[in-house]
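**Student:** fold the stuff below for me.
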Amino acid sequence: MEGMDGGGAAHVVGSDSSRELPAAPLATTVTQLVPVSPTDPNRALWDEEATRTGGFGLALAIICLLALPALPFHGGNATLRLMTEIGLALLAAVGLWVRRRVRRGRYTRAAFRIFLVTAASVSFVVQYYVGFFSAAPTVVAIGITFFALGDDHRWAIGASIAVAVAYALMATAFTLDLIADPGLVVVGAEVPKSVRLWAVFLIPVIFLTAVWQARLSRRATYDAMTRLGAAQRLAQEREAQLREAQRELDVVLEAGAGGAGVHTGRRAGSYLLGEVIGRGGVGEVYRASRDQTGDWAAVKVLHTHLLRDEGQLTRFQREAQATEALRSPHVVRVFETGVIDGRAPYLAMELLSGHDLAWHLRSTGRLRLPDALELARQVAIGLDTAHATGVVHRDIQPRNLFLAERSPGQAWTILDFGISKLQGTSGTLTEGMVIGTPSYMAPEQARGRASDTRADVFSLAAVLYRALTGRPPFVGPNLPSILYDLVFETPPAPSTLNPDLPRAIDEVVMRGLAKEADQRFASAGAFADALAAAAARRTS
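**Tutor:** Next up, the predicted model:
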């Protein structure tokens, strides 16, 4: 039988209650629980734009302030010179204002638009004063390129078109002698009108080409960052899967399945024990046949060296008590419990055919969204059945979820209630201990505190996170770092690791992973229903 856990030694880590971790800060809303990915290209480009805008604002301010003292010595139209002086002073002020907002982390689209409109307006006044056939349009082209790289493309493109149209109209009017050119640099009559009209056509084309090139550059940068982010996500996913596979391999090597065990050939009630099919820190699981019918079963027997451990004996008996009364197609069925030779307790359960979720995830990396939703729905049914009878599993993880081949189809089945808890019991057996699988346990379990049914909701959300993204939510290089992240850190939203997922799924999964139990769903069924509703909103 694939995936039958012999007791889950890898799942129980002792801790001294006097070294308890401090409480994590509360997250107050679902939005706070969905962080922005550090590899999000939109966020990165926005940060780049803010830095670039602050620098450009400072540069324009310096240029304007250096130009202002020289203007009175240039002559020209007095009214235009005054307007130019006012415009340069205004542009310098706006440039410094934008620079200050950027430094304070308050850069916004509104600031970008104010800067853009001011620069476009002042550039027209400067061209009017200096001359539309001077070098001034060259500086304007530089400004157009800068603004067109911005996130607010509609305003950038609109302003650039307005600048190009304004230039074309004024330069055409001057060329056709419809109005007099008051600029400091004036093209004389010796230059043919055809040459001037060519310039009138060419310079707006240069302006619009600058816009086009800037937008292409931004798109290329975005695409490159998207590919880089995808490569980083894939590398992180592969690294997490490698660590996960290594842990699974360690468990398999420790299990030593396929050989004879201490109790091979003995009887456990009405069952004859055969070869070992799983071994863990608490017990061994044997393939066994029933006397009267010959039906196969999996019989779990407590390790001989643990028979004197009252705590382990009590937990083993509690597993039998917890699962024997459960009747659900999504919970492994227990047929019989008893004691071998008056010493070793055992429980006989159905021998499932198929593979556990860990095997499926190793094979595929992740599940398709519909398959993950069906996993959540069926496991939630099993958990709600257990919770209704007062049983908290406390170790929902991929190795304990088994896709069983049953007639007429497949069914996800919950295994291994070895560290389960009966609601209403004192809980002293595990007080001050970290009980569960580190990457999937609830934060209260990591702290060695009391847990209830919402701990299983957290673990189910963590399993869904792994199934949808290709990596567990907490993937530190070692146990202490995993436990620290579990208690204090919020993992990236699932859609940042799998862009095919809708943001609505993020909100549900991240609420299921809330650090505080009160902020999670009240039941596994409510969590599964919310997932289904989120997926339906995407397709509607």
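
**Student:** what ranges do the helices span in the stretch 151-300 of the chain?
**Tutor:** Assigned by DSSP state H, counting those that start in this stretch, the stretch 151-300 of the chain shows helices spanning 153-175, 193-255.

**Student:** now these as TSV including mean neighbour count, distance to Val301 and mean pLDDT?
**Tutor:** From N, CA and C alone the C-beta is placed, and that goes for glycine too. Output for the helices of the stretch 151-300 of the chain, formatted as TSV (neighbours: other CB atoms under 10 Å; distance: least, CB to CB, whole Å; pLDDT from 0 to 100):
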stretch	mean neighbour count	distance to Val301	mean pLDDT
helix 153-175	18	69	90
helix 193-255	15	14	76
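
**Student:** closest one to Ser121 among those helices?
**Tutor:** helix 153-175 (9.5 Å; CB to CB).

**Student:** how far does that closest one sit from the chain's center?
**Tutor:** 44 Å (CA atoms, centre = their mean, to the nearest Å).

**Student:** what mean pLDDT does whatever helix or strand Ala461 lives in get?
**Tutor:** Taking DSSP states H and E as the definition, Ala461 sits inside helix 453-469. Averaging pLDDT along helix 453-469 gives 95.

**Student:** packing partners of that helix?
**Tutor:** Under the contact criterion of 3 or more CB pairs under 8 Å, 6 or more residues apart in numbering; DSSP states H and E, helix 453-469 touches helix 357-364, helix 369-388, strand 391-392, helix 443-446, helix 494-497, helix 503-512, helix 524-539.

**Student:** tell me which of the ones you listed sits nearest to Gly150.
**Tutor:** Judging those by CB to CB, what sits closest to Gly150 is helix 494-497, at 23.9 Å.

**Student:** just the mean pLDDT for that closest one, thanks.
**Tutor:** 90.

**Student:** turn the helices of the stretch 151-300 of the chain into JSON lines, including distance to Gln397.
**Tutor:** Below are the helices of the stretch 151-300 of the chain laid out as JSON lines (distance: least, CB to CB, whole Å):
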{"stretch": "helix 153-175", "distance to Gln397": "46"}
{"stretch": "helix 193-255", "distance to Gln397": "10"}
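
**Student:** distance of Gly512 from Leu531?
**Tutor:** Distance of Gly512 to Leu531, given as CB to CB, to the nearest Å: 9 Å.

**Student:** now do the shared contacts for these two.
**Tutor:** Leu464 (CB atoms under 8 Å, 6 or more residues apart in numbering).

**Student:** tell me which residues touch Thr175, please.
**Tutor:** Thr175 touches 193, 196-197, 200, counting by CB under 8 Å, 6+ apart.

**Student:** tell me which of those residues is nearest to Ile396?
**Tutor:** Val200 (72.9 Å).

**Student:** now Ala162. Nearest residue, chain neighbours left out?
**Tutor:** Computed as CB to CB, 6 or more residues apart in numbering, the closest residue to Ala162 that is not its neighbour in sequence is Ala120, at 6.6 Å.

**Student:** tell me, how many residues neighbour the one you found?
**Tutor:** 20 (other CB atoms under 10 Å).

**Student:** that one belongs to a helix, doesn't it?
**Tutor:** Yes. Per DSSP: H, G, I helix; E, B strand; the rest coil, Ala120 lies within a helix segment.

**Student:** OK, contacts around it?
**Tutor:** Ala120 neighbours (CB under 8 Å, 6+ apart): 143, 159, 162-163.

**Student:** 7 Å instead, please
**Tutor:** Ala120 makes contact with 159, 162-163, according to CB atoms under 7 Å, 6 or more residues apart in numbering.

**Student:** kindly state the pLDDT recorded for it?
**Tutor:** pLDDT, read off for Ala120, is 93.

**Student:** what's the closest of the contacts of Ala120 to Arg377?
**Tutor:** Ala159 (52.4 Å).

**Student:** Leu116 is in contact with the closest one, correct?
**Tutor:** Yes. Applying CB atoms under 7 Å, one finds Ala159 in contact with Leu116, separated by 5.3 Å.

**Student:** give me the common contacts of the two.
**Tutor:** Joint contacts of Ala159 and Leu116 (CB under 7 Å, 6+ apart) are Phe147.

**Student:** which SSE is Phe335 in?
**Tutor:** Per DSSP H and E: strand 334-340 holds Phe335.

**Student:** picking up where we left off before, mind putting the contacts of Thr175 into JSON lines with distance to Gly294?
**Tutor:** As requested, the contacts of Thr175 are exported to JSON lines (distance: CB to CB, whole Å):
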{"residue": "Lys193", "distance to Gly294": "106"}
{"residue": "Arg196", "distance to Gly294": "103"}
{"residue": "Leu197", "distance to Gly294": "101"}
{"residue": "Val200", "distance to Gly294": "98"}
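
**Student:** quick one, the helix holding Ala461 and helix 357-364 angle?
**Tutor:** Between helix 453-469 and helix 357-364, the angle comes out at 20 degrees (axes from the mean of the first three to the mean of the last three CA atoms, to 10 degrees).

**Student:** hmm, who's touching helix 453-469?
**Tutor:** Outside helix 453-469, the residues touching it (CB under 7 Å, 6+ apart) are 361, 366-367, 369, 372, 375-376, 379-380, 383, 387, 392-394, 396-398, 401, 439-442, 444-445, 472-473, 494, 497-498, 501, 509, 512-513, 517, 520-521, 523-524, 527.
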